[in-house]
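*Asks:* Give me the fold of what follows.
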Amino acid sequence: MKTPIDLHDHKTDPRGDGKSDTRNDTKNDILQHLLKRVEVTAQEFAEKLDISPQAIRKHLKDLEAEGLIYHTSEQIGMGRPQFIYALTTAGRDRFPDSYNQFAVNFLDTLIDTLGKDQVSEVLHKQWQRKAQDYKSKLGGGSLRQRLEKLAEIRRAEGYVTEWFSVENTQNFIFTEYNCAIAHVAESFPSVCGHELEMFATVLDCPVERTHWMVDGEHRCGYLIQAT
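*Replies:* Residues are numbered from 1 along each chain as shown. Predicted coordinates:
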């Protein structure tokens, strides 16, 4: 699995003035924002991160030089064309978005050896085990409290996770912008069904998928339905 970006683990600043840490913070914020938004202009970055457009362009230039982002030019209105920034594959790989190819090959070998149905049952049991582990960590509390704790656990595992209340309801939206099993899911989409079942078991309520990376969307989203 790819090594996730740790927002609290930055290079030591040899000058001791804190500027290196600040630059790393901003670059990580840019990468995470692109993971959520897909395409963003320099001005949007400046407004979101509350720093000057000149400083943002310097960070964007550095990230392009590192091969983590790229830009395209787009005509917006009557003014000059604007640069639209997006993550490269290398930039997305800075997040834990896949197991390596070994995992996919290993599952192929298991299917050839044991058969598809038996491998599916093994995967199902693995997700059941994961559900029990999460459930023991969540403890009691309201659905909101358990959802908040689940989001904390997933973030600690390297996921970029958000959740919020659905207006005028008691329901919630739970969103993850990267996936630790993305390559596996492309070849074995049934694992996503097991994950969906896991969330429902952990939160003890109906959970419905609203967005799915396997379908080409840039996030996986879930409607958490209070009962």
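
*Asks:* So what's the residue count around the closest residue to residue 40 other than its chain neighbours?
*Replies:* The spatial neighbour of residue 40 that comes closest, neighbours along the chain excluded (CB to CB, 6 or more residues apart in numbering), is residue 85 at 5.5 Å. For glycine as for every other residue, the C-beta is placed from the backbone atoms N, C-alpha and C. For residue 85, the neighbour count with other CB atoms under 10 Å is 25.

*Asks:* so where do the helices sit in the chain?
*Replies:* According to DSSP state H, the chain carries its helices in the segments 19-37, 42-49, 53-65, 89-92, 101-114, 116-138, 143-156, 182-187, 190-203.

*Asks:* my guess is residue 209 meets residue 220, correct?
*Replies:* Yes. Using CB atoms under 8 Å, residue 209 is in contact with residue 220, at 7.3 Å.

*Asks:* more crowded one of these two?
*Replies:* residue 220 (25 against 15).

*Asks:* how much space between the more buried one and residue 30?
*Replies:* Remark: distance between residue 220 and residue 30 (CB to CB, to the nearest Å) = 22 Å.

*Asks:* so what's the residue nearest to residue 40 bridging to?
*Replies:* residue 40, residue 71 (DSSP bridges).

*Asks:* Alpha carbons of the least confident helix or strand in the chain by mean pLDDT, as PDB, please.
*Replies:* For the chain, the helix or strand with the lowest mean confidence is helix 182-187, at a mean of 75 (criterion: mean pLDDT, DSSP states H and E). Taking Å, rounded to 0.1, in the frame of the first residue of the first chain, the C-alpha atoms of helix 182-187 are listed here in PDB:
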ATOM      1  CA  ALA A 182      -8.800   0.900  -5.600                       C
ATOM      2  CA  HIS A 183      -6.800  -1.500  -7.900                       C
ATOM      3  CA  VAL A 184      -8.400  -4.500  -6.200                       C
ATOM      4  CA  ALA A 185     -11.900  -3.000  -6.600                       C
ATOM      5  CA  GLU A 186     -11.300  -2.400 -10.300                       C
ATOM      6  CA  SER A 187     -10.700  -6.200 -10.800                       C
END
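
*Asks:* quick one: buried residues of it?
*Replies:* 182, 183, 184, 185 (16 or more other CB atoms under 10 Å).

*Asks:* got it, and stretch 45-64?
*Replies:* 45, 46, 49, 51, 56, 59, 60, 63, 64.

*Asks:* Enumerate every residue touching the closest residue in space to the fourth one that isn't next to it in sequence.
*Replies:* For residue 51, ignoring the flanking residues on the chain, the nearest one in space by CB to CB, 6+ apart is residue 26 at 6.9 Å. Contact analysis of residue 26 by CB atoms under 8 Å, 6 or more residues apart in numbering lists 49, 51, 55, 59.

*Asks:* what residue ranges in the protein score low on pLDDT?
*Replies:* 1-23, 76-77, 96-101 (pLDDT under 70).

*Asks:* rerun that using 80 as the cut-off
*Replies:* 1-24, 38, 74-80, 89-90, 92-104, 158, 179-188, 214, 216, 218 (pLDDT under 80).
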